[in-house]
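# Just need the structure, nothing else, for what follows:
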Amino acid sequence: MSDILDKALGAAREAAGAAAEIILHYWRTGVDVVVKGDDTPVTVADREAEMAIRGILAAALPEAGIYGEEYGADDVSREWLWLVDPLDGTKSFVRRTPFFSTQIALMHRGELVLGVSSAPLYDERMWAVRGRGAFLDGQRVQVAPTVAMRDASISTGNVKSLTADARWDALGAMIRDSNRIRGYGDFCHYHLLARGGLDLVIESDLNILDVAALAVIVREAGGVFTDLDGNAPDLRTRSVLAGTPAMHAQALERFRASLGGATIGG
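Coordinates of the predicted model:
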């Protein structure tokens, strides 16, 4: 399995580099935007980047299935499954906001084991393999040692559905009790969490392709990554609670205490 993961990591990093070239080309030249059936935007940059990624991953690990944002799933029942979002943050991309990235993850029998997160405009790439640690451009990273809410920096993203959830008041209380609140969103707050710049990330209204690679990275940096109900990420994931071990535990306890009915997790 180690040999497979070595090969997979090399392919994922190569694929992220190929996608970066395509994305940066269209960032410079501009693109037309098409609205998909789910009211989200897509561009030629998304589609060309995914095709490039698929070609590299399939050549390196032909036994793996591939589930991509733009071209769907190719046999998710296989032992190995790639999860690909070629341009996570397309809304940011088309509005000339730099919070977009390429996300590539690998599952083995339903467990996330590898992740590469590439932010081409920042020339920043993070990666992790289960049991081997997390890295930013080759340098190992670690979450912060923060243990008290009063010292915590919190970042939120896509919290629209949370406003109608019983946990909304609990989130407000955490914000009041914390040291700092920001809303970096997309890849950015997970990169910051993994490298010690944030302590807690709270997010809803997403899918597994947005965060699969980031889940591996945060965990390998010493953090905890679940959905808002405390479940491990899987193909049904729709929300995230990620943080240092102490901050994740405190936030999850507060959210669970606030619940009186429906949840928005996995």
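# Tell me where the model's unsure across the protein.
260-266 (pLDDT under 70).
# What's the local residue count around Gln132?
For the record, residue 132 is Arg, not Gln. 14 (other Cβ atoms under 10 Å). No exception for glycine: its C-beta is placed from N, CA and C like everyone else's.
# isn't Ala173 right next to Arg254, touching?
Yes: the pair Ala173 and Arg254 qualifies as a contact (Cβ atoms under 8 Å) at a distance of 6.9 Å.
# Compare neighbour counts for these two and give me the winner.
Neighbours per residue (other Cβ under 10 Å) separate Ala173 from Arg254, with Arg254 holding more: 17 against 13.
# check contacts around that one.
Counting by Cβ atoms under 8 Å, 6 or more residues apart in numbering, Arg254 touches 170, 173-174.
# and which of these is nearest Ile181?
Met174 (8.7 Å; Cβ to Cβ).
# what helix or strand is the closest one on?
Counting by DSSP states H and E, the element that carries Met174 is helix 168-177.
# Of the contacts of Arg254, which is the nearest to Leu114?
Closest to Leu114, out of all of those and judged by Cβ to Cβ, is Met174, at 31.5 Å.
# Report how many residues lie close to the closest one.
Neighbours of Met174 using other Cβ under 10 Å come to 22.
# And the strands in the stretch 101-250 of the chain?
All strands of the stretch 101-250 of the chain, identified by DSSP state E, counting those that start in this stretch, fall at 101-108, 111-119, 124-129, 134-136, 139-141, 153-157, 180-182, 200-203, 224-226, 240-243.
# just checking, what packs against the third one?
It refers to strand 124-129. helix 2-29, strand 111-119, strand 134-136, helix 186-194, helix 208-220 (3 or more Cβ pairs under 8 Å, 6 or more residues apart in numbering; DSSP states H and E).
# what kind of secondary structure is Leu83 in?
What DSSP: H, G, I helix; E, B strand; the rest coil gives for Leu83 is strand.
# tally of neighbours for it?
Neighbour tally, Leu83, other Cβ under 10 Å: 27.
# Just confirm it contacts Ile104, I think it does.
Yes: in terms of Cβ under 8 Å, Leu83 counts as a neighbour of Ile104; the distance is 7.4 Å.
# Residues in contact with both of these two, list them for me.
Common neighbours of Leu83 and Ile104 (Cβ under 8 Å, 6+ apart) are Ala213.
# how about the closest residue to Ala18 other than its chain neighbours, phi and psi?
Nearest-residue entry for Ala18: Ala52, 4.5 Å, with adjacent residues in sequence omitted and distances by Cβ to Cβ, 6 or more residues apart in numbering. As for Ala52, its main-chain torsions (degrees, to the nearest 10) stand at phi -60, psi -40.
# show me what contacts Ala52?
15, 18-19, 22.
# Let's have those residues in TSV, adding distance to Arg182 and neighbour count.
Converted to TSV, the contacts of Ala52 look like this (distance: Cβ to Cβ, whole Å; neighbours: other Cβ atoms under 10 Å):
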residue	distance to Arg182	neighbour count
Ala15	30	27
Ala18	32	19
Ala19	27	28
Ile22	30	23
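# Closest to Val76 out of these?
Among those, and counting by Cβ to Cβ, the member closest to Val76 is Ala15, at 18.8 Å.
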